[in-house]
Structures are given as structure tokens and as C-alpha cells.
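Undergrad: my questions concern the predicted model and sequence given below.
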Amino acid sequence: MRGVQGYFASGIRVYFSYLFTHVLSDEQQSQLHRPSLFWSWLDRDEAPVLLEGNGATLCEEELSEQIIFTDNQFESLMCLCDAKQLLVYQPLPEKLFMNRESEFAACFKAMLAATKEGVLFEDKRNEWVVEYILKNKNSFDSDIFQ
């Protein structure tokens with residue numbers, strides 16, 4: 001997969017599960033599921049994750065469509081990047097979450113909320129996100145995005 005910006009060679013692995021659940025449309029997901037039997041990776045807690053594909057090949061005359069992101073998809077993708085950066089440079093208090101996946105999911109949800117609220121610039125955004133996480137900590141659970 002190659003994004004319009006050409007960034008995904010190494011970035012896709014880090015955010016893979018979130019691409020399928022929060023960025024790509026059903027049609028875009030289908031294009032990636034089609035040629036693959038499965039996708040597998042280790043999550044942030046070193047636990048194995050498996051996402052099934054369907055293993056169907058393209059016919060000779062078929063061409064794969066380039067996946068072109070909408071503005072909203074780019075915003076979601078940037079929230080993934082912002083969440084990762086925040087956790088690297090401004091870690092949350094220890095023991096706030098049971099594991100790193102839950103911590104990342106909460107941070108991503110907070111970044112999406114910040115974007116929706118129009119808090120876009122890093123100096124205010126990071127502070128807003130941390131406050132949002134601390135204020136909403138009890139509402140985060142394993143099904144954080146439902």
C-alpha cells in the first residue's frame with residue numbers, strides 16, 4: 001500500500017489495526033484483504049494479532065486501484081501519528097492504563113476528540129489531550145471505540 005504522500009512503507013505496520021478499524025473505507029479494506037491470506041504483527045504489548053484476508057488473486061486484466069485518502073482519513077491518520085508522538089515525548093502517568101495498547105487507544109481517541117473540537121496546534125493540543133484522558137479515564141475500557 002502506498003499513500004498519496006508515499007509514507008506507508010514503514011508506517012503501515014505501526015498503525016495497521018487502526019487503519020482497518022478507523023481509517024480505511026470498506027472498499028479500501030477489501031482491496032487489501034483480497035490478495036492476502038492474513039496479516040500478522042505484534043501489538044504494543046508484544047502480543048500476536050491476526051487479521052484474516054481472503055487470498056484471492058487479481059485476474060491478469062485486473063488492476064489494483066490506488067488507495068487515495070479523503071481529508072477525514074488523513075485527519076484520522078494524523079491523529080494516529082500525533083498519539084504515537086505524544087506517548088513518546090510526553091508520557092502519561094504510570095499505571096494509568098493496564099497495558100500499552102489501552103494507553104494508545106485512549107490517546108488516539110483523545111486526539112480524534114481534539115481534532116473534532118478544533119484543537120489543532122501542538123502546544124495546546126497535547127495539553128488538551130492529556131486533560132481529556134485524565135478526565136475520561138473511567139470511560140475507557142477494552143471496547144474503547146464502540
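TA: On my side now, so go ahead.

Undergrad: any idea how far Met98 is from Phe140?
TA: Shown here: Met98 relative to Phe140, a distance of 10 Å by CB to CB, to the nearest Å. In this view, the C-beta of every residue, glycine as well, is placed from N, C-alpha and C.

Undergrad: repeat that for Pro91.
TA: Counting by CB to CB - Pro91 and Phe140 are separated by 17 Å.

Undergrad: any idea whether the closest residue to Ile67 other than its chain neighbours is helix, strand or coil?
TA: Nearest residue to Ile67, sequence neighbours excluded (CB to CB, 6 or more residues apart in numbering): Gln28, at 5.2 Å. Of the three states, Gln28 takes helix under DSSP: H, G, I helix; E, B strand; the rest coil.

Undergrad: any idea how far stretch 83-100 is from the middle of the chain?
TA: 15 Å (CA atoms, centre = their mean, to the nearest Å).

Undergrad: send the alpha carbons of it over as PDB?
TA: What follows is stretch 83-100 as a C-alpha-only set of coordinates in PDB (Å, rounded to 0.1, in the frame of the first residue of the first chain):
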ATOM      1  CA  ALA A  83      -0.900   9.900  19.600                       C
ATOM      2  CA  LYS A  84       2.300   8.000  19.000                       C
ATOM      3  CA  GLN A  85       4.400  11.200  19.300                       C
ATOM      4  CA  LEU A  86       2.600  12.300  22.400                       C
ATOM      5  CA  LEU A  87       3.300   9.000  24.100                       C
ATOM      6  CA  VAL A  88       7.000   9.200  23.200                       C
ATOM      7  CA  TYR A  89       7.600  12.800  24.200                       C
ATOM      8  CA  GLN A  90       5.000  13.400  26.900                       C
ATOM      9  CA  PRO A  91       4.300  10.000  28.600                       C
ATOM     10  CA  LEU A  92       1.100   9.700  30.600                       C
ATOM     11  CA  PRO A  93       1.300   8.900  34.300                       C
ATOM     12  CA  GLU A  94       2.400   5.400  35.000                       C
ATOM     13  CA  LYS A  95      -0.200   2.800  35.900                       C
ATOM     14  CA  LEU A  96      -3.000   4.900  34.300                       C
ATOM     15  CA  PHE A  97      -3.700   2.000  31.900                       C
ATOM     16  CA  MET A  98      -3.300  -1.700  32.300                       C
ATOM     17  CA  ASN A  99      -1.300  -2.000  29.100                       C
ATOM     18  CA  ARG A 100       0.300  -0.100  26.200                       C
END
